[in-house]
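1. everything below, folded, please.
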Amino acid sequence: MSPATDDLIAYRLARADECLADADLLLEAGSLHSCVNRLYYACFYVVSSLLLRHGFASSKHSGVLAAFNQRFVKSGLVSEADGQLYGMLFRNRGRGDYEDLVAFDAGEVTAWAGGAKQFVAHLKALIDSS
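-> Numbers count the residues shown, from 1 in each chain. Reported below is the predicted structural model:
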């Protein structure tokens, strides 16, 4: 891995942490749409870091999701539950950002926040072991 790639991975992992911290603040403030957005991006940054560590990059969010599922979920390196969480956050971020009359339940978003924190921690451990 080149130093530039390592720097990019470190940057994205820091962004994941920042997004999780932002999500906590937004959840506490009751800004559920923005919280879901930040939860998704926390997961996106850590997934894109994992893929980059293994030599893959995509310019599209859907490409990152597809590559993650193909390379890590289907191979069993990441649990199916983690794959489903990331897919669900991908869909709900899109709904919250682009659809009208979408309402998120605070209890569900709170559960998603806990799942996203575990997801990020698990993928960081995979990156560290790569």
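
2. CA only for contacts and neighbour counts going forward, please
-> Fine.

3. okay, how far is it across stretch 70-77, tip to tip?
-> With Cα to Cα, to the nearest Å applied, stretch 70-77 spans 10 Å between its terminal residues.

4. tell me which residues of that stretch are tucked away?
-> By 16 or more other Cα atoms under 10 Å, the buried positions in stretch 70-77 come out as 72-73.

5. equivalent analysis for stretch 18-38, please.
-> 19-24, 26-27, 32-38.

6. and the furthest pair within the residues you listed?
-> Distances among those were taken as Cα to Cα; the most separated pair is 21 and 33, at 15.2 Å.

7. in what helix or strand does the spatially most central residue of the chain lie?
-> Central residue of the chain (Cα atoms, centre = their mean): residue 43, 1.0 Å from the mean position. Using DSSP states H and E, residue 43 sits in helix 32-53.

8. same thing with residue 88?
-> Element membership for residue 88, per DSSP H and E: helix 80-98.

9. check the offset of that helix from the chain's centre.
-> Its chain's average C-alpha position is 9 Å from that of helix 80-98, according to Cα atoms, centre = their mean, to the nearest Å.

10. for the top helix by length along the chain, packing partners?
-> Longest helix in the chain by number of residues (criterion: DSSP state H): helix 3-29. On a contact count with 3 or more Cα pairs under 8 Å, 6 or more residues apart in numbering; DSSP states H and E, helix 3-29 meets helix 32-53, helix 106-129.
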